[in-house]
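1. with the input below, show me the fold.
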Amino acid sequence: MTRRLPRAPGGRRAVPVVLVAATALLLAGCGGGDDEASGRTPVADVTIDPRGADGTIAPGERPYFAEDSPWNTRVDGAPVDPRSKEMMELATLRLGVRESGDRVVVQPRRIEDPVYINTESWTTPVVAGGQPTDVVCRQARCGDGDDTVVLDIPADIDPDPRYDGWFTILDSTESVAYDLWRARREDDGSISYHFMRKWDLDGPGYSPPHVVGARGSGLPLFAGLIRPGELQAGEIDHALAISVPGPAEGSFVQPASSTDGNGSADSLPEGARIRLRADVVPQPPIDPETGRPVRLTAQQQRLADAIVVALRTYGAIVVDRARVPTLYAQRDVTADLIRGNELQGLFLDDFEVVELPAQRHQYPPEHESAGSTSTGRD
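-> Numbers count the residues shown, from 1 in each chain. Alright, predicted model coming up:
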């Protein structure tokens with residue numbers, strides 16, 4: 001593969017700390033839109049110590065989901081899927097369409113950009129603590145929402161409507177989290193939304209097939225994030241979330257429960273687990289302006305090494321589509337920890353696909369239309 005060097009992309013909460021997490025792309029969001037901003041990831045507006053005044057770990061740093069959840073199981077000894085190489089190649093193909101006379105022409109474009117760690121732009125505020133706030137659905141079909149619920153939410157953290165209004169509320173007292181879609185702060189201080197998915201923080205971390213979520217794959221918005229406490233400890237003991245340019249259209253594998261893939265039908269499906277190959281030695285990131293290697297500080301290299309170990313040991317679960325291969329860090333992982341380019345010596349062909357589950361689910365299912373399975377996310 002001929003590799004092009006990209007322009008550098010731009011750029012939970014304990015009670016009462018705020019963790020603002022980046023769970024979507026700087027360069028492409030859930031709807032596939034592009035953001036052409038460039039420059040180094042800016043310093044986030046909130047920095048936290050993962051431990052509270054009482055010495056306990058903040059909810060945003062607690063382990064998410066059951067011990068045997070796909071998010072918490074190792075795959076360094078798992079077999080490689082027989083179609084691994086083919087699926088990884090197809091995952092780099094971003095499909096576009098154009099009209100040519102009376103025909104619609106599909107134009108595949110191979111994305112050769114390296115892996116980017118997103119800490120900004122399409123972000124999901126993940127909050128806990130604050131003041132009692134009404135959370136109310138704005139439409140008839142609300143997912144797990146129904147009547148108005150009252151949750152503790154900081155008054156100064158709002159959903160951003162530009163990025164699908166993604167918003168996650170952690171309720172540490174009940175060990176649950178609420179993912180909201182198209183959420184917004186109303187004039188009366190309440191939070192309204194179009195769709196809610198409720199997650200048991202001690203549960204499996206995914207839903208049964210064909211159950212949709214706030215994210216296109218149905219997976220939690222906050223799962224698989226690179227978090228500040230684990231970076232500072234130099235150890236990440238869970239799978240990461242990753243988006244790829246061309247995930248398969250029309251099918252998924254568990255733990256995904258739906259898909260918004262727009263790639264080849266034979267491509268890497270959402271829900272697949274990929275793993276950094278054991279023979280890959282990560283190369284230094286390259287400055288796109290000068291073409292020279294970027295010198296990482298000792299701290300940056302240590303943190304990059306921790307992520308690499310996680311990618312070899314736990315791998316990454318495909319959660320969405322993106323303009324470039326993208327991992328996600330909490331937004332409060334500041335430039336003092338991650339600038340976003342630390343792994344830009346890695347490319348998708350440095351990864352392999354862990355053997356897929358036997359069943360690949362069609363989406364939407366044959367017996368239902370897309371509208372009837374959307375649960376209000378149309």
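2. would you mind listing where the stretch 251-378 of the chain has pLDDT under the threshold?
-> By pLDDT under 70, the low-scoring segments of the stretch 251-378 of the chain are 331-336, 367-378.
3. please enumerate the strands of it.
-> For the stretch 251-378 of the chain, the strands defined by DSSP state E, counting those that start in this stretch occupy 251-252, 273-276, 316-321, 326-328, 351-353, 361-362.
4. so which of these comes closest to residue 115?
-> Among the strands of the stretch 251-378 of the chain, strand 326-328 comes nearest to residue 115, with 6.4 Å by C-beta to C-beta. Quick note: C-beta positions are derived from backbone N, CA and C, even for glycine.
5. pLDDT value on residue 218, please?
-> Note on residue 218: pLDDT of 97.
6. from memory it sits against residue 206, does it?
-> Yes - counting by C-beta atoms under 8 Å, residue 218 does reach residue 206; the two are 7.2 Å apart.
7. the two - which one has more neighbours?
-> residue 218 (27 against 24; other C-beta atoms under 10 Å).
8. can you tell me which residues contact that one?
-> Neighbouring residues of residue 218 by C-beta atoms under 8 Å, 6 or more residues apart in numbering: 206, 207, 211, 212, 252, 256, 257, 258, 259.
9. look at residue 60 and report its pLDDT.
-> pLDDT, residue 60: 57.
10. now render the strands of the stretch 251-378 of the chain as CSV, adding mean neighbour count and distance to residue 338.
-> Below are the strands of the stretch 251-378 of the chain laid out as CSV (neighbours: other C-beta atoms under 10 Å; distance: least, C-beta to C-beta, whole Å):
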stretch, mean neighbour count, distance to residue 338
strand 251-252, 24, 29
strand 273-276, 24, 17
strand 316-321, 28, 16
strand 326-328, 29, 10
strand 351-353, 22, 20
strand 361-362, 16, 34
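11. so which of the ones you listed comes closest to residue 138?
-> Between residue 138 and these, the tightest spacing by C-beta to C-beta is seen for strand 316-321, at 23.9 Å.
12. can you list the strands that that closest one pairs with?
-> Paired neighbours of strand 316-321 in the sheet (DSSP bridges): strand 240-244 (parallel), strand 273-276 (antiparallel).
13. out of these, nearest to residue 81?
-> Checking these against residue 81 by C-beta to C-beta gives strand 273-276 as the closest, at 9.5 Å.
14. what's the offset of the closest one from the middle of its chain?
-> The chain centroid and the centroid of strand 273-276 are separated by 15 Å under C-alpha atoms, centre = their mean, to the nearest Å.
15. mind checking which of the contacts of residue 218 are buried?
-> Among the contacts of residue 218, those buried by neighbour count (16 or more other C-beta atoms under 10 Å) are 206, 207, 212, 252, 256, 257, 258, 259.
16. now the closest residue to the fourth one other than its chain neighbours: how far from residue 114?
-> What sits nearest to residue 252 in space, not counting adjacent residues and going by C-beta to C-beta, 6 or more residues apart in numbering, is residue 259, at 4.1 Å. Taking C-beta to C-beta, to the nearest Å as the criterion, residue 259 is separated from residue 114 by 25 Å.
17. now render the strands paired with strand 316-321 as JSON lines, adding distance to residue 264.
-> Below are these laid out as JSON lines (distance: least, C-beta to C-beta, whole Å):
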{"stretch": "strand 240-244", "distance to residue 264": "12"}
{"stretch": "strand 273-276", "distance to residue 264": "16"}
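18. which one of the ones you listed lies nearest to residue 61?
-> strand 240-244 (15.6 Å).
19. the closest one - what's its average pLDDT?
-> Average pLDDT, strand 240-244: 96.
20. then stretch 207-214?
-> Confidence for stretch 207-214, expressed as mean pLDDT, is 96.
21. show me the helices in this structure, by range?
-> Per DSSP state H, the chain carries helices over the ranges 84-91, 228-233, 298-313, 370-373.
22. can you check which of these gets nearest to residue 357?
-> Closest approach to residue 357 among the helices of the chain is made by helix 84-91 (13.6 Å; C-beta to C-beta).
23. elements contacting that closest one?
-> Under the contact definition 3 or more C-beta pairs under 8 Å, 6 or more residues apart in numbering; DSSP states H and E, helix 84-91 sits against strand 351-353.
24. so how far is the strand it packs on off the chain centroid?
-> From the chain centre to the centre of strand 351-353 is a distance of 18 Å (C-alpha atoms, centre = their mean).
25. neighbouring contacts of that strand?
-> Identification of contacts with strand 351-353 by C-beta under 8 Å, 6+ apart yields 80-81, 83-85, 87-88, 268, 272-277, 311, 316.
26. who does that strand pair up with?
-> For strand 351-353, pairing defined by DSSP bridges yields strand 273-276 (antiparallel).
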